[in-house]
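Enquirer: I'd like to go over a predicted model; first the sequence, then the structure.
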Amino acid sequence: MSERNKETVGKINKALSAGNFELFFDFCADDFAFTIVGEKTIKGKEAARKYMASMAAESPAPPKITPVDPILADSDFVAARGNMSMKNKDGKEEHYSYCDIYRFRGDKIAELSSYVVKTESQSRTSGAGNR
């Protein structure tokens, strides 16, 4: 199950980077909980869909997501980290580093905790083995 969940997270990152939020929600349980650590928790797939739609409406383009290997999986949990950039309302590119921790229930995502930190520029984080 862990390998399939890792593949799902890889597909999700590609879909979100292409602006395909609906593919992400295809993988979410109806009682999905989305926590942006330090900001808010959104409960329910429909509430999360509305939140993401409002965020997409504020940005002139979908986020550019650059996952950094490895994507780690253990049991029902998958962790992925990387960098992303997106344009703000004024069209200025802003850069972030992220770590997303997914908890699966069967084939569906039950929870997503997203740790996001704004950075000065798009940094290229290397994997632990590449230092």
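Expert: Received it, and whenever you're ready, just let me know what you need. Values in this document were obtained by computation on a predicted structure and should not be read as measured data. Numbering: from 1, shown residues only.

Enquirer: by contact count, what packs against the lowest-mean-pLDDT helix or strand in the chain?
Expert: Within the chain, no helix or strand scores below strand 64-74, which has a mean of 81 by mean pLDDT, DSSP states H and E. Based on contacts counted as 3 or more C-beta pairs under 8 Å, 6 or more residues apart in numbering; DSSP states H and E, the elements that strand 64-74 packs against are helix 2-17, strand 77-87. Just so you know, the C-beta spots here come from the backbone N, C-alpha and C atoms, and that holds for glycine as well.

Enquirer: show me the contact partners of it.
Expert: Strand 64-74 is contacted from outside by 2-3, 5-6, 9-10, 13-14, 16-17, 78-86, 122, 125-127, using C-beta atoms under 8 Å, 6 or more residues apart in numbering.

Enquirer: could you rerun that using 6 Å?
Expert: Outside strand 64-74, the residues within contact range by C-beta atoms under 6 Å, 6 or more residues apart in numbering are 2, 5-6, 9, 13, 16-17, 79-85, 125, 127.

Enquirer: which SSE is the spatially most central residue of the chain in?
Expert: For the chain, the residue lying nearest the average C-alpha position, counting by C-alpha atoms, centre = their mean, turns out to be Asp100 (5.7 Å). Assigning secondary structure by DSSP states H and E places Asp100 in strand 93-105.

Enquirer: buried ones among the contacts of strand 64-74?
Expert: Judged by neighbour count, with 16 or more other C-beta atoms under 10 Å as the criterion, the buried members of these are Asn5, Lys6, Val9, Asn13, Leu16, Ala79, Ala80, Arg81, Gly82, Asn83, Met84, Ser85.

Enquirer: this completes my enquiry, with thanks.
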